[in-house]
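Q: Just need the structure, nothing else, for what follows:
(one chain, ligands or ions: 1)
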Amino acid sequence: MVKVFVPRERRPGETRVAATPETVRRMVKLGLEVAVERGAGEASLFHDAEFATAGAHLLDDPGAGWEGADVVLKVTPPDAAEGRLKPGAVLIGFLAPYRHPDMVRALAAGNVTSLALELVPRVTRAQPMDALSSQASIAGYKAVLLAAWRLPKYFPLLMTAAGTIKPARVVIMGAGVAGLQAIATAKRLGAVVEVSDIRAAVKEQVESLGGKFIELPQAESGEGQGGYAREMGEDFLRRQREIVQRHLSQADAVITTALVPGRPAPRLITADMVHAMRPGAIIVDLAVEQGGNCELSQADREVVENGVTIVGPSNLAATMPHDSSLLFARNVLSLLQLLLDKEGKLAVNTEDEVIAGSLLTHAGQVVHKPTAELLAAEVPV
Ligand code: NAI
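A: Numbers count the residues shown, from 1 in each chain. The predicted structure is shown next:
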């Protein structure tokens, strides 16, 4: 019987859990034996008793859980002190390989098969496993609520006995999964929403949500591989900043989500542009972990410059842990199901494009090429 272990997340501020009573019930039905560390779901309001009712064993000692498991399900990259997987075991989670080279080396050396959720290919068949999307959508939603909460104004147009209130003006930069959810949320709250992105395909999606698309010079195509953006030249970014500046100077709230895979986040808002904004305005920079879209953002800090508040929340999905865990756990289970054969045994089919694309380490090797290249280029200390 395949043994699955779900530890409590230990990184500061992490409130999510990689399995819920719903997914435990489904795993048990698939013939898996599931152990959950006691208290693993407390922060996301999934209680031990619910896990037990769903068929999980509750473990007090996480070390024993790691050692005995064939599969460990995690939200964030494990650090060395959390526990050791046995050779041939499987690890699934957000593994941020570029930021944790030592972890990647240890996984390969320990012959662990690790699948990083950030590597799941963005193909139609892999949508149920797409944790980047389920969590980014939450971040986009929460970023707008954060801006609305902090803004010294209403979001909607209001006709009151005391006269009319104009709607808030919101600029959203980057209309991927987080940006599109931010547009939808800001529109539902009644704001006027303007949007900048460099991929031409986005314009229609923005307009269908009621946003106004800010036209950019289309000399260069912003389309990269796999539906993602590509890195634009500095000349393009300068012209983009000039165009966007006019919209920013009228904005009450700005949500930035612009990312380019494997590269630092594009710098879309300079300190000078912040100085030209209205005092009282707020910028929520969701790209802060990749260096930020705004020059002044700092991770999980609030910066006030010329009356403009800039916040860079690094883990908004963790501020809504119940639903983020619910969706995350379903994503993880969908990926785990791909690794099981008809008898419920582990069978890692490296010919499957979703599995092949998601694999970080396997059979003692770092199989994700960009990570392997990065590790090879690192100077040993
Ligand atoms: P992302 O998080 O990598 O980037 C966010 C947005 O920033 C993108 O829309 C990108 O074009 C934009 N951006 C990059 N540079 C910019 C700049 N200089 N100015 C303004 N915007 C800039 O993207 P995300 O959210 O991961 O989505 C990437 C694509 O994948 C989208 O087309 C999305 O619809 C697609 N997708 C497909 C799925 C599937 O078919 N299974 C599932 C999820 C997403």
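Q: hmm, stretch 312-327 touching the ligand?
A: No - looking at stretch 312-327 against the ligand by Cβ under 6 Å from any ligand atom, there are no contacts, and the closest approach is 13.2 Å. For glycine as for every other residue, the C-beta is placed from the backbone atoms N, C-alpha and C.
Q: Sorry, slip of the keys, the one I care about is stretch 276-288.
A: No - looking at stretch 276-288 against the ligand by Cβ under 6 Å from any ligand atom, there are no contacts, and the closest approach is 8.2 Å.
Q: What average pLDDT does that stretch get?
A: The predicted model gives stretch 276-288 an average pLDDT of 97.
Q: Please apply the same query to stretch 363-371.
A: Along stretch 363-371, the predicted confidence averages to a pLDDT of 96.
Q: residue ranges for the strands of the stretch 1-150 of the chain, please.
A: Listed from the start of the chain, the stretch 1-150 of the chain has strands (DSSP state E, counting those that start in this stretch) covering 3-6, 33-37, 57-59, 71-73, 90-93, 113-116.
Q: nearest to the ligand, of the ones you listed?
A: Of all those, it is strand 113-116 that lies closest to the ligand, at 14.5 Å by Cβ to the nearest ligand atom.
Q: Work out the gap between the closest one and the centre of the chain.
A: Here the centre of strand 113-116 is set off from its chain's centre by 17 Å, with Cα atoms, centre = their mean, to the nearest Å.
Q: Would you mark the buried spots in it?
A: Neighbour-count burial for strand 113-116, with 16 or more other Cβ atoms under 10 Å as criterion, is recorded at 113-116.
Q: Pull that strand out as CSV, backbone CA atoms only.
A: The C-alpha atoms that make up strand 113-116 are tabulated as CSV, following Å, rounded to 0.1, in the frame of the first residue of the first chain:
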residue,chain,number,x,y,z
THR,A,113,11.5,11.8,-7.3
SER,A,114,10.4,15.4,-6.8
LEU,A,115,7.7,17.2,-8.8
ALA,A,116,7.6,20.9,-8.6
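Q: Could you please name the strands it pairs with and the direction of each pair?
A: Taking DSSP bridges as the criterion, strand 113-116 sits next to strand 90-93 (parallel), strand 359-362 (antiparallel) in its sheet.
Q: can you count the residues close to the closest residue to the ligand within the chain?
A: Closest to the ligand within the chain is Gly176: 2.2 Å, counting by Cβ to the nearest ligand atom. Summarising burial for Gly176: neighbours were counted as other Cβ atoms under 10 Å, giving 22.
Q: now the buried residues of strand 113-116 in CSV, with distance to Ile355 and pLDDT?
A: Written out in CSV, the entries for the buried residues of strand 113-116 read as follows (distance: Cβ to Cβ, whole Å; pLDDT from 0 to 100):
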residue, distance to Ile355, pLDDT
Thr113, 10, 98
Ser114, 12, 98
Leu115, 7, 98
Ala116, 12, 98
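Q: what's the most distant pair in those residues?
A: Taking Cβ to Cβ, the two most distant members of those are Thr113 and Ala116; they sit 11.3 Å apart.
Q: re earlier: would TSV of the strands of the stretch 1-150 of the chain with distance to Ala126 be doable?
A: Written out in TSV, the entries for these read as follows (distance: least, Cβ to Cβ, whole Å):
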stretch	distance to Ala126
strand 3-6	21
strand 33-37	24
strand 57-59	31
strand 71-73	17
strand 90-93	14
strand 113-116	12
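Q: tell me which parts of the stretch 101-250 of the chain are close to the ligand?
A: Counting by Cβ under 6 Å from any ligand atom, the stretch 101-250 of the chain comes close to the ligand at 122-124, 126-127, 130, 132-133, 136, 173-179, 196-199, 202, 227-229, 232, 240.
Q: Can you say which of those are buried?
A: By neighbour count, with 16+ other Cβ under 10 Å, these hold 126, 130, 132-133, 136, 173-179, 196-199, 202, 229, 232, 240 as buried.
Q: Mind checking which of those land in helices?
A: In helices, defined here by DSSP state H, the members of those are 132-133, 136, 177-179, 202, 240.
Q: mind putting the strands paired with strand 113-116 in a markdown table, distance to Thr371 and mean neighbour count included?
A: Output for the strands paired with strand 113-116, formatted as a markdown table (distance: least, Cβ to Cβ, whole Å; neighbours: other Cβ atoms under 10 Å):
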| stretch | distance to Thr371 | mean neighbour count |
| --- | --- | --- |
| strand 90-93 | 14 | 23 |
| strand 359-362 | 6 | 23 |
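Q: Nearest to Ile183, out of those?
A: Each of these was scored for nearness to Ile183 using Cβ to Cβ, and the closest is strand 90-93 (29.3 Å).
Q: and Leu58, how many residues sit next to it?
A: Burial of Leu58 is recorded as 14 neighbouring residues (other Cβ under 10 Å).
Q: hang on, Leu336 packs against Val72?
A: No - with contact defined as Cβ atoms under 8 Å, Leu336 does not count as touching Val72 (10.7 Å).
Q: Overlap in contacts, the two.
A: Both Leu336 and Val72 are contacted by 4, 90, 92, under the criterion Cβ atoms under 8 Å, 6 or more residues apart in numbering.
Q: my guess is the first one meets Glu33, correct?
A: Yes - if you go by Cβ under 8 Å, Val4 and Glu33 touch, sitting 6.9 Å apart.
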